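J.: Task: produce atomic coordinates for the following.
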Amino acid sequence: MRKLLMFGCHQMREGIGFSFAFFAAGAIMMLAGLKLIPSVANINHIFTVIGMLLFFFAPLILISTFLLTVIPGLRKYTDDCD
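T.: The predicted structure is shown next:
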């Protein structure tokens, strides 16, 4: 449980901001890898995979931030969200 919570932020507003940033960056990188970047040395696949990772980390950040704000006593296990 503690390993999951290391992705969370102390406040819900920070968690939503970081989650939205990861979601938007992931979507943009996936679309760029699929549509814009030519397939030279498989660069387009690299962009797509990195975009997918960012896209899938967005809900993880949101869920862990929610758990940190709801469950008392869990904030002591986390550092700053930076």
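J.: Run through the helices of the protein in chain order.
T.: Here the chain has its helices, by DSSP state H, at 2-5, 12-31, 43-70.
J.: Figure out which of those helices is closest to Ile37.
T.: helix 43-70 (4.5 Å; C-beta to C-beta). For glycine as for every other residue, the C-beta is placed from the backbone atoms N, C-alpha and C.
J.: Relative to the whole chain's centre, how far out is that closest one?
T.: 3 Å (C-alpha atoms, centre = their mean, to the nearest Å).
J.: Okay, angle between that helix and helix 12-31 too, please.
T.: If you take axes from the mean of the first three to the mean of the last three C-alpha atoms, to 10 degrees, helix 43-70 sits at 170 degrees to helix 12-31.
J.: ok, and for helix 43-70, which residues are buried?
T.: Under the neighbour-count criterion of 16 or more other C-beta atoms under 10 Å, helix 43-70 has 44, 47-48, 51, 54-55, 57-58, 61-65, 68-69 buried.
J.: packing partners for that helix?
T.: Judged by 3 or more C-beta pairs under 8 Å, 6 or more residues apart in numbering; DSSP states H and E, the packing partners of helix 43-70 are helix 2-5, helix 12-31.
J.: can you put these in a markdown table and add mean neighbour count, mean pLDDT and distance to Val40?
T.: Putting the helices and strands packed on helix 43-70 into a markdown table (neighbours: other C-beta atoms under 10 Å; pLDDT from 0 to 100; distance: least, C-beta to C-beta, whole Å) gives the following:
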| stretch | mean neighbour count | mean pLDDT | distance to Val40 |
| --- | --- | --- | --- |
| helix 2-5 | 11 | 59 | 38 |
| helix 12-31 | 16 | 90 | 17 |
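J.: Take those helices and write them to JSON lines, including distance to Pro38.
T.: As requested, those are arranged in JSON lines below (distance: least, C-beta to C-beta, whole Å):
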{"stretch": "helix 2-5", "distance to Pro38": "38"}
{"stretch": "helix 12-31", "distance to Pro38": "15"}
